[in-house]
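1. sequence and predicted structure are below.
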Amino acid sequence: MREDQYFEVLRSRQAAGIIIVSGSHADTTADLSTYRTLIDVGLPIVLVNGFAPGLEAPFISDDDASAMDQAVDHLATLGHRRIGLALGPARYVPVRRKEAGFRAAMIRRFGTDEGIRVAYSIYSATGGGQAAADLLGEGVTAIICASDIMAMGAIRSIRAHGLSVPDDVSVIGCDDSPVSRYWDPGVTSVRQNVDLIASMAVSTLVGQIHGESAQTGERLVRPDLVIRSTTGPARS
């Protein structure tokens, strides 16, 4: 079922409002006419993790720049300079923001963009493995992945290349999904503050339903780095 069809189902069931998480508003190539229709008919909506400047609606997103800043700082403290970034498809807003944040953090930390290495793939273990293979070919000693699933694929790829994590290559994921805590080794990850994002989204939507003016524009929520066992000192 397409996104617009889900919207029609919810409207047919008299939904008072909709919270949309990582929908078409996160895709820079998407047609957002359905979103504009929802706004035009006065249905309260809140958009989470993505941003479209032309939509007059409230947005709440994870702060991707802060996520990259924390990840780069942690790796730099461990002595890493050749740090790679494994991302999903470039058309997505969070992907673009992670890359921009990564570049800014690397330049701030090292004063140059010479060590910046970025690989695009898909949001899957296979995609993470492919991106890691590309980055290993460029001599990185650490890889930041756009999701924990990608990080797990990266770890498998690193091992397939005869290297170990974190002795040879450090890995950081994003999201702090439950599986990252039980993977062997436990995955260092940047955790989204899901509870706060959810609370903000619900309170914003309920406010609109009760007649309050929509808080258009975007609010960012700072994530937190959770250090586990996939990061360690850079090899000499």
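-> Happy to help now that I have it.
2. got the buried residues for the longest helix along the chain?
-> In the chain, taking DSSP state H as the definition, the longest helix is helix 93-110. Buried positions in helix 93-110, judged by neighbour count with 16 or more other Cβ atoms under 10 Å: 93-95, 97-99, 101-103, 105-106, 109. To be clear about C-beta, it is placed using only N, CA and C from the backbone, and glycine gets the same treatment.
3. turn these into TSV, including distance to Ser203 and pLDDT.
-> Formatted as TSV, these follow (distance: Cβ to Cβ, whole Å; pLDDT from 0 to 100):
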residue	distance to Ser203	pLDDT
Val93	23	98
Pro94	23	98
Val95	28	98
Arg97	24	98
Lys98	27	99
Glu99	31	98
Gly101	27	98
Phe102	31	98
Arg103	34	98
Ala105	31	98
Met106	36	97
Arg109	36	96
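4. picking that back up, what lines up beside the helix or strand following the longest helix of the chain in the sheet?
-> From helix 93-110 onward toward the C-terminus, using DSSP states H and E, the following helix or strand is strand 117-120. When pairing is defined by DSSP bridges, strand 117-120 lines up against strand 83-87 (parallel).
5. what's the average pLDDT for the strand it pairs with?
-> Mean pLDDT, computed over strand 83-87, is 98.
6. any idea how far that strand is from the chain center?
-> Centroid displacement of strand 83-87 relative to its chain, using Cα atoms, centre = their mean, to the nearest Å, is 12 Å.
7. ok, residues contacting it?
-> Strand 83-87 is contacted from outside by 68, 72, 75-76, 95, 98-99, 102, 106, 115-121, 127-128, 131-132, 135, 138, 140-146, 150, 154, using Cβ atoms under 8 Å, 6 or more residues apart in numbering.
8. got it, and stretch 202-212?
-> Applying Cβ under 8 Å, 6+ apart, the contact partners of stretch 202-212 are 16-19, 44-46, 58, 60, 214-215.
9. buried residues in that stretch, which are they?
-> Neighbour counts over stretch 202-212 (16+ other Cβ under 10 Å) mark 204-205, 207-208 as buried.
10. tell me which other helices or strands the lowest-mean-pLDDT helix or strand in the chain touches.
-> Every helix and strand in the chain was compared by mean pLDDT, DSSP states H and E; the lowest is helix 178-182, with a mean of 87. Helix 178-182 makes packing contacts with helix 148-160 when contacts are defined by 3 or more Cβ pairs under 8 Å, 6 or more residues apart in numbering; DSSP states H and E.
11. direction included, what does the helix or strand following the helix it packs on pair up with?
-> Following helix 148-160 in sequence order, the next helix or strand is strand 170-174 (DSSP H and E). Strand pairing for strand 170-174, using DSSP bridges, gives strand 142-145 (parallel), strand 188-191 (parallel).
12. of all the ones you listed, which lies closest to Ser199?
-> Proximity of the strands paired with strand 170-174 to Ser199 was assessed by Cβ to Cβ; the nearest stretch is strand 188-191, lying at 15.7 Å.
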